[in-house]
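Undergrad: structure for the following, please:
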Amino acid sequence: MSGPKRIGQTVPEVAGKVLGKRGLAFGALITDWPAIVGHQLSLRTAPDKLSFPRGKREEATLHIRAMGAIALELQHLEPQIIERINSFFGYRAVAKIKLIHAALPQRPTAVVRPRDLSMDEELSIITTTARVEDEELRATLERFGRSLLARPKPARR
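TA: Next comes the predicted model:
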(Lines give C-alpha, C1' and ligand atoms only; values in the text may rest on other atoms or scores of the structure.)
Protein backbone atom coordinates (compact mmCIF):
# COMPACT_ATOMS: atom_id res chain seq x y z
CA MET A 1 0.00 0.00 0.00
CA SER A 2 1.50 3.31 -0.97
CA GLY A 3 0.39 6.78 0.01
CA PRO A 4 1.13 10.13 -1.54
CA LYS A 5 4.75 10.85 -2.43
CA ARG A 6 6.60 14.12 -2.21
CA ILE A 7 7.23 15.62 -5.61
CA GLY A 8 10.97 15.67 -4.94
CA GLN A 9 10.93 11.88 -4.72
CA THR A 10 9.25 11.43 -8.10
CA VAL A 11 11.12 14.07 -10.12
CA PRO A 12 14.12 11.81 -10.88
CA GLU A 13 11.82 9.01 -12.08
CA VAL A 14 9.67 11.26 -14.26
CA ALA A 15 12.47 13.49 -15.51
CA GLY A 16 14.83 10.61 -16.30
CA LYS A 17 13.66 10.23 -19.90
CA VAL A 18 13.56 13.97 -20.50
CA LEU A 19 17.01 14.51 -19.02
CA GLY A 20 18.45 11.41 -20.69
CA LYS A 21 20.31 13.41 -23.31
CA ARG A 22 21.66 15.79 -20.68
CA GLY A 23 22.38 12.98 -18.24
CA LEU A 24 20.73 12.04 -14.99
CA ALA A 25 23.51 13.84 -13.20
CA PHE A 26 22.01 17.10 -14.44
CA GLY A 27 18.62 16.14 -13.01
CA ALA A 28 20.22 15.50 -9.63
CA LEU A 29 21.99 18.86 -9.85
CA ILE A 30 18.68 20.62 -10.39
CA THR A 31 16.77 18.85 -7.63
CA ASP A 32 19.62 18.88 -5.09
CA TRP A 33 21.26 22.22 -5.93
CA PRO A 34 20.52 23.81 -2.51
CA ALA A 35 21.97 20.77 -0.70
CA ILE A 36 25.08 20.85 -2.87
CA VAL A 37 26.00 24.54 -2.79
CA GLY A 38 24.09 25.72 0.28
CA HIS A 39 20.83 27.61 0.65
CA GLN A 40 22.17 31.16 0.27
CA LEU A 41 24.14 30.42 -2.90
CA SER A 42 21.25 28.43 -4.40
CA LEU A 43 18.98 31.48 -4.10
CA ARG A 44 21.24 33.49 -6.41
CA THR A 45 22.49 30.80 -8.81
CA ALA A 46 21.10 27.92 -10.86
CA PRO A 47 22.69 25.07 -12.82
CA ASP A 48 21.98 25.60 -16.51
CA LYS A 49 23.76 22.87 -18.43
CA LEU A 50 26.18 20.02 -17.88
CA SER A 51 28.47 19.44 -20.88
CA PHE A 52 30.48 16.22 -20.94
CA PRO A 53 33.47 15.75 -23.25
CA ARG A 54 32.61 13.59 -26.27
CA GLY A 55 32.36 9.94 -25.31
CA LYS A 56 32.89 10.56 -21.58
CA ARG A 57 30.56 10.69 -18.57
CA GLU A 58 32.92 12.53 -16.25
CA GLU A 59 34.95 15.75 -16.10
CA ALA A 60 32.04 17.83 -17.40
CA THR A 61 31.76 21.57 -17.62
CA LEU A 62 28.93 22.89 -15.47
CA HIS A 63 27.28 26.05 -16.79
CA ILE A 64 25.84 28.10 -13.92
CA ARG A 65 23.43 31.02 -14.29
CA ALA A 66 24.26 33.98 -12.07
CA MET A 67 23.47 37.69 -12.05
CA GLY A 68 25.58 40.59 -10.88
CA ALA A 69 28.14 40.46 -8.10
CA ILE A 70 27.52 36.80 -7.29
CA ALA A 71 29.43 35.89 -10.46
CA LEU A 72 32.66 37.25 -8.97
CA GLU A 73 32.02 35.34 -5.75
CA LEU A 74 31.43 32.15 -7.78
CA GLN A 75 34.81 32.57 -9.50
CA HIS A 76 36.49 32.56 -6.11
CA LEU A 77 34.38 29.63 -4.87
CA GLU A 78 34.84 27.50 -8.01
CA PRO A 79 37.24 24.94 -6.45
CA GLN A 80 34.97 24.46 -3.42
CA ILE A 81 31.82 24.16 -5.56
CA ILE A 82 33.47 21.58 -7.84
CA GLU A 83 34.62 19.64 -4.77
CA ARG A 84 31.10 19.70 -3.29
CA ILE A 85 29.53 18.52 -6.56
CA ASN A 86 32.04 15.72 -7.00
CA SER A 87 31.63 14.67 -3.36
CA PHE A 88 27.88 14.63 -3.85
CA PHE A 89 28.14 12.32 -6.88
CA GLY A 90 31.03 10.26 -5.57
CA TYR A 91 33.17 10.66 -8.67
CA ARG A 92 34.78 13.44 -10.73
CA ALA A 93 31.56 14.48 -12.45
CA VAL A 94 32.56 18.13 -12.93
CA ALA A 95 36.01 19.44 -13.86
CA LYS A 96 35.24 23.12 -14.41
CA ILE A 97 32.54 25.75 -14.15
CA LYS A 98 31.48 28.23 -16.78
CA LEU A 99 29.46 31.23 -15.63
CA ILE A 100 26.51 32.51 -17.63
CA HIS A 101 25.35 36.03 -16.94
CA ALA A 102 21.59 35.48 -17.19
CA ALA A 103 18.45 35.77 -15.12
CA LEU A 104 17.59 32.81 -12.95
CA PRO A 105 14.65 30.62 -13.94
CA GLN A 106 11.38 31.51 -12.22
CA ARG A 107 10.99 29.71 -8.92
CA PRO A 108 7.60 28.19 -8.24
CA THR A 109 5.51 30.20 -5.84
CA ALA A 110 4.42 28.68 -2.57
CA VAL A 111 1.09 26.92 -2.63
CA VAL A 112 -1.34 28.58 -0.25
CA ARG A 113 -3.71 26.14 1.37
CA PRO A 114 -7.29 27.28 1.64
CA ARG A 115 -8.52 27.88 5.16
CA ASP A 116 -11.37 25.91 6.73
CA LEU A 117 -14.76 27.60 6.51
CA SER A 118 -16.73 28.48 9.61
CA MET A 119 -20.15 26.97 10.20
CA ASP A 120 -21.76 30.34 9.38
CA GLU A 121 -19.93 30.48 6.04
CA GLU A 122 -21.03 26.91 5.18
CA LEU A 123 -24.65 27.77 6.06
CA SER A 124 -24.45 30.93 3.96
CA ILE A 125 -23.34 28.96 0.91
CA ILE A 126 -26.02 26.30 1.35
CA THR A 127 -28.85 28.81 1.87
CA THR A 128 -27.70 30.94 -1.06
CA THR A 129 -27.70 27.99 -3.46
CA ALA A 130 -30.75 26.18 -2.00
CA ARG A 131 -33.14 27.61 -4.62
CA VAL A 132 -31.09 26.28 -7.54
CA GLU A 133 -33.07 23.29 -8.86
CA ASP A 134 -30.39 21.63 -10.97
CA GLU A 135 -28.37 19.45 -8.56
CA GLU A 136 -25.20 19.52 -10.65
CA LEU A 137 -25.31 23.30 -11.01
CA ARG A 138 -26.03 23.71 -7.27
CA ALA A 139 -23.09 21.48 -6.34
CA THR A 140 -20.82 23.41 -8.71
CA LEU A 141 -21.95 26.74 -7.26
CA GLU A 142 -21.36 25.45 -3.72
CA ARG A 143 -17.82 24.33 -4.59
CA PHE A 144 -17.20 27.69 -6.24
CA GLY A 145 -18.52 29.56 -3.20
CA ARG A 146 -16.36 27.49 -0.86
CA SER A 147 -13.26 28.12 -2.96
CA LEU A 148 -13.92 31.87 -2.93
CA LEU A 149 -14.54 32.07 0.80
CA ALA A 150 -11.60 29.80 1.66
CA ARG A 151 -9.05 32.03 -0.05
CA PRO A 152 -6.69 33.78 2.33
CA LYS A 153 -7.36 37.47 2.54
CA PRO A 154 -4.75 39.63 0.78
CA ALA A 155 -2.36 41.47 3.09
CA ARG A 156 -3.09 45.16 3.48
CA ARG A 157 -0.38 47.59 2.52
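
Undergrad: outline the domain layout of the chain.
TA: 9-101, 112-157 (automatic domain parsing).

Undergrad: including mean neighbour count and mean pLDDT, could those domains go into JSON lines?
TA: Yep, even glycine has a C-beta here, placed from its N, CA and C like the rest. As requested, the domains of the chain are arranged in JSON lines below (neighbours: other Cβ atoms under 10 Å; pLDDT from 0 to 100):
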{"stretch": "domain 9-101", "mean neighbour count": "15", "mean pLDDT": "82"}
{"stretch": "domain 112-157", "mean neighbour count": "11", "mean pLDDT": "86"}
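
Undergrad: name the SS class of residue 152, please.
TA: Counting by DSSP: H, G, I helix; E, B strand; the rest coil, the backbone at residue 152 sits in coil.

Undergrad: thought it was touching residue 115?
TA: Yes: judged on Cβ atoms under 8 Å, residue 152 makes contact with residue 115 at a distance of 6.3 Å.

Undergrad: for the nearest residue to residue 51 once chain neighbours are set aside, list the residues it contacts.
TA: Residue nearest to residue 51 in three dimensions, not counting chain neighbours: residue 61, with 4.6 Å by Cβ to Cβ, 6 or more residues apart in numbering. Going by Cβ atoms under 8 Å, 6 or more residues apart in numbering, residue 61 touches 50-51, 94-98.

Undergrad: isn't there a strand covering residue 48?
TA: Yes: per three-state DSSP, residue 48 lies within a strand segment.

Undergrad: that one against residue 66, yeah?
TA: No: between residue 48 and residue 66 there is no contact under Cβ under 8 Å: 9.5 Å.

Undergrad: shared neighbours, those two?
TA: Shared contacts of residue 48 and residue 66, counting by Cβ under 8 Å, 6+ apart, come down to 100, 102.
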